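Novice: Quick one, structure for this:
(one chain, ligands or ions: 2)
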Amino acid sequence: MAVTEATWARIVEEMAKLPEGVRRHIEEVRQWCVELAKAHHIDVAKAELAAIAHDVCRTVKAGDLLAMAREYGIPVTNLEEAFPVFLHGPVGAQALKRRYALADEEILNAIACHTMGRAGMTPLDKALFLADKLDPSKVSRYPFIAEVGRLAKGDLDAAMVCFVDHQVKAFLDQGDLVHPAMLAARNEAILAKRKQP
Ligand SMILES: [Fe+2]
Ligand SMILES: [Fe+2]
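Specialist: Ligands and ions are numbered 1, 2, ... in the order given. Predicted coordinates:
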């Protein structure tokens, strides 16, 4: 569904109210997401708006994220109970739909899965997921990210596998949890790569 100019303008206006650090991140993600969209024949306008809006709920407090997830009927597992920040994507997508009349399901789905990925990711989902990680200010968190960026320009699935492999190894080394959605995304990216000629 086409996004109206009024909806676009309202979202841009709302995002301008976010803290400076989040706005800087959003701008980096926007640039990467547009670049990846152009490289992979993804709708550039959708990629740009998805990037602009993706962290609409990034600064919502943990308790409020849980309350909003329950209000919106978003499933909350033990993992999200323990780490409500996992919910800022799905809650953000629903908030954009309900509060800002953003009705484009492709954009909403990409925003919903931008943190952890999911099974059945579309090229737009992958572009936003990767763009979110490719923000240069995250290089200390993702020291392997240059390789992901290089791969992403030519092959989104290869970049997905590269990112998740490095990230899951880091989680395991640190004794951290691994969200199953990230493993689902990795498995499907590997299957997609095996189907490539
Ligand atoms: Fe985010
Ligand atoms: Fe982000």
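Novice: Send me the host helix or strand of V91 as CSV with only the CA atoms.
Specialist: Per DSSP states H and E: V91 is located in helix 88-100. The C-alpha trace of helix 88-100 is given here as CSV (Å, rounded to 0.1, in the frame of the first residue of the first chain):
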residue,chain,number,x,y,z
HIS,A,88,10.8,-2.5,20.5
GLY,A,89,10.6,-3.6,16.9
PRO,A,90,7.2,-5.4,17.0
VAL,A,91,5.8,-2.8,19.4
GLY,A,92,7.1,0.0,17.2
ALA,A,93,5.4,-1.5,14.1
GLN,A,94,2.1,-1.7,15.9
ALA,A,95,2.4,1.8,17.3
LEU,A,96,3.1,3.2,13.8
LYS,A,97,0.1,1.4,12.5
ARG,A,98,-2.3,2.5,15.3
ARG,A,99,-1.0,5.9,16.1
TYR,A,100,0.4,7.2,12.8
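Novice: what's that helix packed up against?
Specialist: In this structure, helix 88-100 packs against helix 5-15, helix 62-72, helix 105-112, with contacts taken as 3 or more Cβ pairs under 8 Å, 6 or more residues apart in numbering; DSSP states H and E. For glycine as for every other residue, the C-beta is placed from the backbone atoms N, C-alpha and C.
Novice: Packed most tightly, which of those helices would that be?
Specialist: Ranked by average neighbour count under the criterion mean count of other Cβ atoms under 10 Å, the helices and strands packed on helix 88-100 are headed by helix 105-112 at a mean of 23.
Novice: Determine whether any part of that helix lies close to ligand 2.
Specialist: No - judged by Cβ under 5 Å from the ion, helix 105-112 stays clear of ligand 2, getting no closer than 9.7 Å.
Novice: how near is K126 to ligand 2?
Specialist: 15 Å (Cβ to the ion, to the nearest Å).
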